[in-house]
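**Q** model the structure of this input:
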Amino acid sequence: MPADLHARGVHGEHPDPHPDDPPLLQCREQAPCRAVLGKHIGNALREELNGFSVVAKFATTASDGKTYQVEHYNLDMILSVGYRVKSKEGIYFRRWANSVLKQHLVDGYTINRKRSDALHAVVKVLSRSTEPEIAGTAEILERYLPSLVLLNDYDTGNVPIPKGDESQWVLTYEDAMLFIRSMPFYTQSDLFGRERNGSFQGIVAGLYQTFGGEELYRSTQEKAANLLYQVVKDHPFSDGNKRCAAALFVYFLNGNGILGDDDSLLVEGNALAAMTLMIALSAPAEKDTMIALVENFLIRHESQEIN
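**A** Take a look at the predicted model:
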């Protein structure tokens, strides 16, 4: 299955494997594999795809010269089965699916209707995952999908910097360190949250640096995004930089009154984990893009909650 999400389908007992298919589909000729796939297809139809049109039958001539009615399943079924299979083929399939998401999210593709529909299907299935990072990636994508504006901006390298909200609260170095020391990880390790060479103090001070009497980071969202990025990428602590970054990010949003409440959080845990990992995996040259993405995520979600 190539990266443009052209779904050839999971066939019945007489498959015609294609070299571009992911390993999950290439294993169909083996009897044990067919049995496992059949079980997962049945479970998917019963548990989540009941009532949906996911299968079509086509007449296919097999190698024995006979014509059979072969079932072809659509993208919903392929994705559902792919995220159920626990074999090495299932792992390869999930890696393939996640690589497609990364291509759309980070590398940038020209978005046409076919890819848009396919991406919606991927998001729908990923959002059901019990793995936080996978579900979080789906949550991030889902926030951007309605207009697809940012996906086009990734392609052109012009992710906009939104206006944001004026900061109502100042994070001090002392407050930040007290917060980190209150985390349970701090007492469980001699390295977690221990500052290296005063670098974290510089990060906090940098959030409020000015030029010509104007703050360089003017909005709460811009400060929060830079705080998250710099703690993840600059490694100011001996251990636990990603955990500290995510916790401080939430602490900062809450201090400025825009985090929300338990019923309507601005950033859910899965999305926060996905954003943190996305930053950790990004290249240094992508710094401005990563920060702008986090800002847009905060502002777009906040406006959706208001509406």
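**Q** helix or strand for residue 58, which one?
**A** strand 55-61 (DSSP states H and E).
**Q** for that strand, buried residues please.
**A** Across strand 55-61, burial judged by 16 or more other CB atoms under 10 Å covers 55, 60. For the C-beta atoms, the positions are set from N, CA and C on the backbone; glycine is no exception.
**Q** what's the following helix or strand past it packed up against?
**A** Per DSSP H and E, the first helix or strand lying C-terminal to strand 55-61 is strand 67-73. Here strand 67-73 touches strand 55-61, going by 3 or more CB pairs under 8 Å, 6 or more residues apart in numbering; DSSP states H and E.
**Q** show me where the chain has helices.
**A** For the chain, applying DSSP state H gives helices covering 23-26, 31-47, 75-82, 88-102, 113-126, 132-144, 149-156, 173-181, 184-188, 199-206, 220-234, 241-255, 269-281, 287-306.
**Q** got the contact list for the spatially closest residue to residue 259 that is not a sequence neighbour?
**A** Excluding the flanking residues, the one nearest residue 259 by CB to CB, 6 or more residues apart in numbering is residue 253, at 4.2 Å. Applying CB atoms under 8 Å, 6 or more residues apart in numbering, one finds that residue 253 lies in contact with 220, 224, 259, 266, 267, 298.
**Q** which two of those have the greatest separation?
**A** Maximum pairwise distance in the contacts of residue 253, criterion CB to CB, is 12.9 Å, between 220 and 267.
**Q** what is the orientation angle of the strand holding residue 58 with helix 31-47?
**A** Angle between the axes of strand 55-61 and helix 31-47 is 150 degrees (criterion: axes from the mean of the first three to the mean of the last three CA atoms, to 10 degrees).
**Q** partners of strand 55-61 in the sheet?
**A** strand 67-73 (antiparallel) (DSSP bridges).
**Q** mind saving the C-alpha coords of the strand it pairs with as PDB?
**A** Provided in PDB are the C-alpha atoms of strand 67-73 (Å, rounded to 0.1, in the frame of the first residue of the first chain):
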ATOM      1  CA  THR A  67     -13.600 -17.400 -11.200                       C
ATOM      2  CA  TYR A  68     -14.400 -16.600  -7.500                       C
ATOM      3  CA  GLN A  69     -16.300 -13.900  -5.800                       C
ATOM      4  CA  VAL A  70     -13.600 -12.200  -3.800                       C
ATOM      5  CA  GLU A  71     -14.300  -9.800  -1.000                       C
ATOM      6  CA  HIS A  72     -12.500  -6.400  -1.100                       C
ATOM      7  CA  TYR A  73     -12.500  -4.400   2.100                       C
END
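**Q** relative to helix 75-82, how tilted is that strand?
**A** Put simply, strand 67-73 runs at 80 degrees to helix 75-82, going by the same axes, to 10 degrees.
**Q** give the buried residues for strand 67-73.
**A** 68, 70, 71, 72, 73.
**Q** just the mean pLDDT for it, thanks.
**A** Here strand 67-73 scores 74 as its mean pLDDT.
**Q** shaky segments in the stretch 201-307 of the chain?
**A** 261-265, 300-307 (pLDDT under 70).
**Q** one more time with 80, if that's ok
**A** Applying pLDDT under 80 to the stretch 201-307 of the chain picks out residues 260-271, 299-307.
**Q** ok, the closest residue to residue 186 other than its chain neighbours - contacts?
**A** Closest residue to residue 186 apart from its sequence neighbours, by CB to CB, 6+ apart: residue 193 at 4.9 Å. Contacts for residue 193 (CB under 8 Å, 6+ apart) come out as 180, 181, 183, 185, 186, 237, 239, 240, 244.
**Q** one more time with 6 Å
**A** Residue 193 makes contacts with 180, 186, 237, 240, 244, as judged by CB atoms under 6 Å, 6 or more residues apart in numbering.
**Q** of all those residues, which two lie farthest apart?
**A** 186 and 237 (10.3 Å).
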